[in-house]
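Visitor: predicted model follows, preceded by the sequence.
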Amino acid sequence: MADRVNEAYIVDAVRTPVGKRGGALAGVHSADLAAHSISALMSRTGVDPGAVDDVILGCCDTIGSQAGDVARTAWLVAGLPDHVPGVTIDRQCGSSQQAVHFAAQGVMSGTQDLVVAGGVQNMSAIPISAAMLVGQQYGFSTPFAESPGWQARYGDQEVSQFRSAEMIAEKWDISREDMEAFALASHERARTAIAEGRFDREVVPLGDVTTDQCPRETSLEKMAGLEPLAPGGRITAAVASQICDASSALLIASEQALSDHGLTPRARIHHLSVTGDDPVWMLTGPIRATERALARSGLAIDDIDLFECNEAFASVVLAWMKETGVPHDRVNVNGGGIALGHPIGATGTRIMATLLNELERTGGRYGLQTMCEGGGQANVTIVERL
């Protein structure tokens, strides 16, 4: 008889408000920013912090305030027991979603019972791609260019998210107007969600910052007046995710931990997977990853009540919807990265907190989350509301 499979449960999910670039959270040290979400998670769940097996945080550009294993530093900054370890991981934009996967896998394997999974990014203090730029002083123009193996396989073509977003718009025949309409909907949905208090359960105010700062009052006319990022291109700043600052954290628990600590789970991890795609196209990963996840889980598009596909660029989500057939009225219903910001290391668990709360608000059962990631990768998590 086969051994019983261990389940992994989400006990709670919290996040800071998302601060806009140069905004109210810009001066907060990354370790303190992460510590805020971790402290709130421990307080809300009432769990003994000393019983936590590990702290797994996603973070990119781990230099300066984000260097030195910021997961470990954040736990200590929060004043929590020093016998609990921490590890920082980088799967680019999917880093904190991968943190959830590693936490769930630890629980499913039976080797861990309580794991904190989350992420942090202060993009105001440490600009995006800062680690790559720092590498130039050591003779590396990009992470790829000086590698003979990379050159042999992919040549010297440009590898960038901006080029990928543009190529996707061209391949899937997505017009600038299509993307601007999508971006406007993101802002409108986010502003509605804030006005209706849909984020109140997940957001833990930090100082005087009580709500997300990025959503804007904008219009199609304003967007149409912006210059494209590349001459003659379709991508503008209006259809791209916003640079911002935030942290987020979830508590993942085994069934034994639920019993031992008197915890009530909010959701079960139904499926987790990660899939690679062409690294030059880079941002197409969610298409293949979603198809594979649904096939492996035995679920269909119609079985999923809510979807979150990270809005790195409008073209990414629009192409994904075209290929998968997911209707817009079930995707990013409270806005996405275009309106709410994309604090890259923290986005995965920021989105998961929002997805969980929206499933509870609407009474949905299954939620699917995916996002494009550097290197042409994409994580997929399917959660089941309990």
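Guide: Cool, the structure landed.
Visitor: in stretch 70-84, what counts as buried?
Guide: Val70, Ala71, Arg72, Thr73, Ala74, Trp75, Leu76, Val77, Ala78, Leu80, Val84 (16 or more other Cβ atoms under 10 Å). The way it works is simple: take the backbone N, C-alpha and C, and place the C-beta from them, glycine included.
Visitor: the fifth one: which element?
Guide: For Ala74, the element it lies in under DSSP states H and E is helix 70-77.
Visitor: who does the helix or strand where Leu272 lies pair up with?
Guide: For Leu272, the element it lies in under DSSP H and E is strand 267-276. Strand 267-276 has the following sheet partners, assigned by DSSP bridges: strand 9-15 (antiparallel), strand 377-385 (antiparallel).
Visitor: Tyr366 is nearest to which of those?
Guide: Proximity to Tyr366 (Cβ to Cβ) singles out strand 377-385 among the strands paired with strand 267-276, at 5.7 Å.
Visitor: pLDDT of that closest one, averaged?
Guide: Per-residue pLDDT over strand 377-385 has a mean of 98.
Visitor: so how far is Thr275 from the residue nearest to Trp150 when sequence neighbours are not counted?
Guide: Leaving aside its chain neighbours, Trp150 sits nearest to Phe144 (4.6 Å; criterion: Cβ to Cβ, 6 or more residues apart in numbering). Using Cβ to Cβ, to the nearest Å, Phe144 is found at 21 Å from Thr275.
Visitor: and Phe162, by the same measure?
Guide: Distance from Phe162 to Thr275, by Cβ to Cβ: 23 Å.
Visitor: so those two - more neighbours on which side?
Guide: Thr275 (19 against 15; other Cβ atoms under 10 Å).
Visitor: against Gly94, how distant is the closest residue to the more buried one other than its chain neighbours?
Guide: Counting by Cβ to Cβ, 6+ apart, Ala289 is the residue found nearest to Thr275 once chain neighbours are left out, at 3.9 Å. Distance, Ala289 to Gly94, using Cβ to Cβ: 10 Å.
Visitor: neighbour-wise, which of these two wins?
Guide: Here Ala289 and Gly94 are compared on neighbour count by other Cβ under 10 Å; more neighbours surround Gly94, at 35 against 25.
Visitor: and the helix or strand following the helix holding Ala74, what's buried?
Guide: Toward the C-terminus, helix 70-77 is succeeded by strand 86-89 as the next helix or strand (DSSP H and E). The neighbour-count criterion (16+ other Cβ under 10 Å) identifies Gly86, Thr88, Ile89 as the buried residues of strand 86-89.
Visitor: over to stretch 49-59?
Guide: In stretch 49-59, the ones that count as buried by 16+ other Cβ under 10 Å are Pro49, Val52, Asp53, Asp54, Val55, Ile56, Leu57, Gly58, Cys59.
Visitor: thinking again about what came up before, what do Ala289 and Gly94 both touch?
Guide: Val274, Gln377, Ala378, Asn379 (Cβ atoms under 8 Å, 6 or more residues apart in numbering).
Visitor: of those - the most surrounded one?
Guide: Most surrounded of the shared contacts of Ala289 and Gly94: other Cβ under 10 Å gives Ala378, at 30 neighbours.
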